[in-house]
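In: the sequence isn't on hand, but the structure is:
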């Protein structure tokens, strides 16, 4: 294990990407879009099509029934261009080429750059302002002018910074294309610049952490029979807190030692070793950095000498090491349960895919729902212009940020509060495993993200599928008939593995017009060394604590209920004691509804009520139904939500005020498109986006509103989280359901219902409402999709642009 | 529509059952158990087997793959007799015969009985005391002595009452079998007797309600062009509150007029008409009952004369009538959504049924779970002796009672607080519709209940099925591999339609050892007339309010975690500000865990914490794992729960104190087997079971504990509840998950996982862990099960006993 491989699993993504980059020399002319073999619809879809083909062509039909004809998702043309879509390869390459031609930017190709060179970190499509988008979506205006959102990493300076800039208009034209600082979406007015605390990540390891590791090699060998000093045979790693301490002008880090797994399993976060050291790494000159102390077994030592002296003294208490074993491996182990080797139940689509997709535009139609899919480096997948029966319900629905805030008696866990968009949900939205992550028959879409003068394409990283729930939508029985309606729903899903944790993001649409937003978590927990952590978690292995942490995931939901002039109404069930004209002069103990509106941003931050007595409704006050009720959608918890337990977090300061409440409502503004910035962790006291500043008392009645909703869970890992957290209980979800929006339940429109009339032992009628007459037969093989087609990310070089020479490479933070 | 058909849909079930009974004369000797054609496993199962048979026999195998062999549920013999099972036909018939032979009971055959005769209301198996059951289950003791639980309806008296009695031991023997009052399970010490407020149900209609209806026929004809006076062409019905007002020794009822549907749809509860009248019906002599007033449009009239005078005066405000239409019909209507007529996705079991059932004993084995199913008139299905890997987790898991507490400005809705075990969940657990209520491939069980000297058998009223979730159990990705595990779970389900509402009860078991308890609701809402009900619901149709109501459903969970000596531990995430040895003398704002135990019943009633910060753990303090943590199970909300909004309900008095908190913990006692009695509504001030009396301060540390958990929802129906409530959002659930119970996640034992190793565009390995090698092919037809087999309940006469002449008859409260 050499120096370069021992870099922190999470802390310095850019470095890792750099290390895996190949070297290219010169700039090539943009070429046409590639038509390589990997541009396909995903293995599951393909495999299912193979089955069908065999069924149709390979044998004669059985009995008198025709074979089912399985159809792929119908190809359709989106009614509008997806203005939230990704840049094409050509567009991205042209922007990169143009950037390198701007001398004032002083850019160096990433794989040639040193810590004192400027590089391009990101080139992606800039999402249009809503005010520019609506005239295009709803009227005859032309599409908003296209710009690239570029992030530059300015390191050729004593005060390195990240710079958000806009480049455009696109397509690139040497006369019209300009760049300008991107400032309007940020509350901090610093010209789109954020300081970079990671500029010296290579020096940090080479000249600091591994040097310190070497300085205590006697101790690490004695304690754990290993070293972390940059040697090929190192068995330890060093990494630490995130965000760094940022107080009084100093930048302080705590780091700790971890055992490396002895095989390929990504179990390192289960192997903490319990020795911590503190460094003042202020400034860019490693020679001025200071080691500020050691912590072992809850005893603080001011210097290495002091620590060493104590360590080698009689009576020094040494604790054991966490070592990998089957307990940390996800492979099958233990007695196979009865009948488990028989093929389990599986879902199929006998009549094929019942939805339509514009693959190019990432536009989807299922039943009466339509929407566009966007994808960015920071937050991965998001949905736009979600319409039901032609009316927009939601302009934008997407993840903003995910916080994992730990706590512990030790500085490593106490100091950890990951803001995961720093790493990005886009780069880690890996290929989905058909038949496991999504049904084998799902339709899969590719996504792409920019890194180091390449575009990586995640093959089949978004799946779209219909699914039959295991319970109906509706039913009713009497002595004369029973009526039941199937509950078929439609899901869009992606999974992002940000280091140790896998987040599964699902948006699900239902036949009654409701929508569910869900996240489930799996993967490895980040655990703590057990010593003195009793008040911060369960002990879950020999020397291991299941470090307590809060997951809080912020979603933006830009409702447009029958237009943009919306209000948030609260309706609460309250106990009342009341006299009525008929109650014989006596009070009755009963209940009633209390209604109010969220009047302004001053009361725009609140939590779900205890006992779920308060309904949160997004309504259009000017759109009453014929009975005088406001048409709207209700927002309700579906399964477990959470906001942050910690008050005034020392780790976060102003970086994640969005995590403080369950529900937060603001006036929609082009200048407040996101609740968080990926570099908020770099300046937690004065972050680029301070969400609390969105709340300046503006009226929220009949306004274009954004609801910022938190999903999450308070996670205190127990032994059942080993080796991986399981999704049965690690879940969170919110639903949106029509509330007096229509005149009646919309699922009455489906034919997939039955009414059976019966009596006295005779069934007089089975009404099936025009369900397809005449059965068909389907050959189905309970075979796994060909998982040998799972090959990882495809990379296209942007500088030089070489679309016809893709290569395969997958990066992860682990 | 004659007099007898116009009886209240919900209030007087016994009468309805009586009306539909056939007449028999004499007592026949018990005969052997029937072997009729209807004793089968359910239509879905059968149909799927037909498919397979055709696939295997009817054609040659395709390609080189063998055909899948679908297996039915493996028949096994339960390790012990199901001591919570139903009485056999022979047993029940013998008890009935014996009862009629006891002169002191003075019983009359139900269909011959008048309001002044005594009848048998119920004959079913008496559940054993837990103290008697455990030595049998866990040791070598013989099975507890079998008794019948009988309910008699003593009406041959001025003070009619229901009497719970025990008859046994069984089998009946003229020398040893005795009867005694059943008293020990009830907090009220009244010899097992509860007053009967419904004894004069026939007179109530014939001599009171319909007479009053006739007395205002001029008005009902004018208002609604109809009458409720016992005529064949009546188009109105009269029925009212439940429970009745029970104050100051008087029995007061409010009744209201409802339009009858003009077709077979059960939409009557959507058709209230807004005219109410109050009656004092104290005592058994209708001539002494008093009409106490009328209410229309929120104006109270003391007498019919006063009301009539006002009604026919100028300026009297008349409101419109709620009239049936498509808005109240569940059949398909409206534009069929795109592609909806293609057959939707469906789940199949390519390798057949992967669980085992003892049909006779209702004993089930799925993977490492085993349990028995019990079934009673009052509460329907319950599970017993739920074990995982051989260790009992839960002795008893089942519904206790379901409250639907309405509120309104009118006396009908204000006075309604249904306690549904009065009607019973058993009698209305109708046949499930395969392919709709449960997958077509499910295994179905029959259940039976006693009524009026017959046993009704609900064919296929419990379903058992495996299902593949649409998300995995576990996953993790790195740059080198991805690991994913399927999430196959197992569900036991029944549906009870208690009048207008359909409750779907599901218990689901997961491969990680977790269990989910869920209820979903559909069917017709009970709505209110719109006038003056603005503060109690939305207006949802022309003259209709979606009357607000709380559903609260109480479940008994008798945990036995590694024995019966259990404790309830609470563990809360709390914000803390704390100084650490390493924090440089500064306080850090972070969080920590606070732990405590529920010490005694004095603090045994509590709610789910806001922000879900408190974990509720059932642990065994004497069973720590090797790391010193208590082994236990966590109880957590899964999706929406509720306790009652109303404080000190005027309707309920002491009848439903179980509804007041989310979680309630008591010491397990043979004398407190249930939280509610089906006749609590008959004496709400002094009910047979007053749950609050369970809480007498006993210690709850290291004791045999029962957790009484409430599921439910605060339902404020909106237009989307028309015609029926939909199950997408009308749901509630709780999960039980292992918490440090095992050393690691138990789902690692399944082979239904994959690990894919990849890199540089090559997949080097797809590990499938012994999943069945060699694919097989399955002929599948996307055809509905033969729903013409849905025929309703089968009835066997008990007195005279005639098991070989079953007939078909299905009753419902509608």
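Out: Yes, it's here. Given the structure is predicted, the values throughout are model-derived calculations rather than measurements.
In: what helix or strand is residue A:173 on?
Out: Assessed by DSSP states H and E, residue A:173 sits outside every helix and strand.
In: measure it to chain B for me?
Out: Using Cβ to the nearest Cβ, to the nearest Å, we find residue A:173 at a distance of 36 Å from chain B. Bear in mind the C-beta positions are built from the backbone N, C-alpha and C, glycine included.
In: give me the neighbour count for that residue.
Out: For residue A:173, the neighbour count with other Cβ atoms under 10 Å in any protein chain shown is 11.
In: same question, residue A:545
Out: 29.
In: kindly report the same for the one 3 residues further on.
Out: Residue A:548: 27 surrounding residues under other Cβ under 10 Å.
In: can you pull the contacts of it?
Out: By Cβ atoms under 8 Å, 6 or more residues apart in numbering or on different chains, the contact set of residue A:548 is A:406-408, A:536-537, A:714-717, B:573, B:591-593.
In: pLDDT score for it?
Out: For residue A:548, the model assigns a pLDDT of 98.
In: now, of the contacts of residue A:548, which are buried?
Out: For the contacts of residue A:548, a burial check counting by 16 or more other Cβ atoms under 10 Å in any protein chain shown picks out A:406-408, A:536-537, A:714-717, B:573, B:591-593.
In: looking at the contacts of residue A:548, which are in strands?
Out: If you go by DSSP state E, these have A:406, A:714-715, B:573, B:591-593 in strands.
In: so how far is stretch A:478-495 off the chain centroid?
Out: Relative to its chain's centre, stretch A:478-495 lies at 28 Å (Cα atoms, centre = their mean, to the nearest Å).
In: thinking again about what came up before, list just the nearest of the contacts of residue A:548 to residue A:317.
Out: residue A:408 (19.0 Å; Cβ to Cβ).
In: residues contacting the closest one?
Out: Taking Cβ under 8 Å, 6+ apart, one finds A:414, A:528, A:533, A:536-537, A:545, A:547-548 in contact with residue A:408.
In: make CSV from the residues you listed and add secondary structure to it.
Out: Listed next are these as CSV, based on DSSP: H, G, I helix; E, B strand; the rest coil:
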residue, secondary structure
A:414, helix
A:528, strand
A:533, coil
A:536, helix
A:537, coil
A:545, strand
A:547, coil
A:548, coil
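In: pipe those into JSON lines and attach distance to residue A:503 per row.
Out: Compiled in JSON lines, these are given as follows (distance: Cβ to Cβ, whole Å):
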{"residue": "A:414", "distance to residue A:503": "23"}
{"residue": "A:528", "distance to residue A:503": "21"}
{"residue": "A:533", "distance to residue A:503": "25"}
{"residue": "A:536", "distance to residue A:503": "23"}
{"residue": "A:537", "distance to residue A:503": "21"}
{"residue": "A:545", "distance to residue A:503": "23"}
{"residue": "A:547", "distance to residue A:503": "18"}
{"residue": "A:548", "distance to residue A:503": "19"}
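In: helix/strand/coil for residue A:133?
Out: helix.
In: and the ones in strands among the contacts of residue A:548, which two are furthest apart?
Out: Counting by Cβ to Cβ, the most remote pair of the ones in strands among the contacts of residue A:548 is A:715 and B:592, 14.5 Å apart.
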